[in-house]
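1. The following comprises the amino acid sequence and a computationally predicted model.
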Amino acid sequence: MEKLLKGMFFQEIVDQVHGQKGEKALCELERQFGKPLTFSNFKGYPLEDHLRLLELGSKIIFKDKDRKEAIFEMGKLSWLTFAQSMVGKTVLALYAKDLRKTALSIAKLWGMITNFGVRECQDLGERKVKIIIKEDPRPPEYIVGVLSGAVEFFKAVPKIETKVFSSEHCEFIVSWENPRT
């Protein structure tokens, strides 16, 4: 089965490049990507295309940062896209006052936007969870960016430890300080 990701995460890269770097950068992104940059928010698109667009967009938006740092920043932007989407607003309305509950529900949240990967969340205490991600080839830096963006959304300070077992299997220990609730 082809791995698919919702179009909103493709479009956010396009919108960020256009908004932060302008029309010329957007044309360059489309030239390098080699396909039209039009995506429907709730349609699934190949993950391979997203990985490629992510790399290209990160180089344009964060050209002064190294690759890992740029990919991390793109992950944070991805969380913002989700949080501001209709799906994100609806889901977060259920959890918006509880960072811990949201963190423990991350597997369900990711399941809404992808058709791939195995995710498991383990409760490690009041302000700490372990997130295990398998069969997901997105860079660990990107996922750490997403998780950091999620914690920061709750006005908390994230601390994330990463263990990489393979290119498609990572564990993240996510803890936080000063949560809103």
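-> Arrived safely. What you see is a predicted model, and the numbers here were worked out from it, not measured in a lab.
2. quick one: contacts of stretch 172-181?
-> Contacting residues not belonging to stretch 172-181 are listed as 97-100, 103, 124, 127-133, 140, 143-144, 147, 151, 154-163 [C-beta atoms under 8 Å, 6 or more residues apart in numbering]. (Each C-beta comes from the backbone N, C-alpha and C, glycine too.)
3. Could you tell me which of the residues you listed are located in helices?
-> Here DSSP state H is the test, and the contacts of stretch 172-181 give 99-100, 103, 140, 143-144, 147, 151 as lying in helices.
4. which residues in this protein form helices?
-> With DSSP H as the criterion, the chain has helices spanning 8-21, 23-33, 47-61, 67-84, 86-95, 99-104, 106-111, 140-153.
5. Deepest in the core, which of the ones you listed is it.
-> Counting by mean count of other C-beta atoms under 10 Å, helix 140-153 has the highest mean neighbour count of the helices of the chain, with a mean of 22.
6. which residues are contacting it?
-> Under C-beta under 8 Å, 6+ apart, the answer for helix 140-153 is 54, 68-69, 71-80, 83, 99, 102-103, 106, 131, 133, 136, 157-158, 160, 162, 164, 170, 172, 174, 176.
7. What angle do helix 140-153 and the lowest-mean-pLDDT helix or strand in the chain make with each other?
-> None of the helices or strands of the chain scores lower by mean pLDDT, DSSP states H and E than helix 86-95, at a mean of 78. Orientation check (axes from the mean of the first three to the mean of the last three C-alpha atoms, to 10 degrees): helix 86-95 against helix 140-153 gives 50 degrees.
8. helices or strands up against helix 86-95?
-> Judged by 3 or more C-beta pairs under 8 Å, 6 or more residues apart in numbering; DSSP states H and E, helix 86-95 is in contact with helix 67-84, helix 99-104.
9. and if we set it to 10 Å?
-> Helix 86-95 sits against helix 8-21, helix 67-84, helix 99-104, helix 106-111, helix 140-153, with contacts defined as 3 or more C-beta pairs under 10 Å, 6 or more residues apart in numbering; DSSP states H and E.
10. Would you mind listing where this structure has pLDDT under the threshold?
-> For the chain, residues meeting the criterion pLDDT under 70 lie at 95-96, 179-181.
11. domains of the chain?
-> Segmentation of the chain into domains, based on automatic domain parsing, reads 4-77, 86-177.
12. Do me a favour and get the end-to-end distance for the longest one?
-> I take that to be domain 86-177. 28 Å (C-alpha to C-alpha, to the nearest Å).
13. starting at the chain centroid, how far to that domain?
-> The chain centre lies 9 Å from the centre of domain 86-177; the measure is C-alpha atoms, centre = their mean, to the nearest Å.
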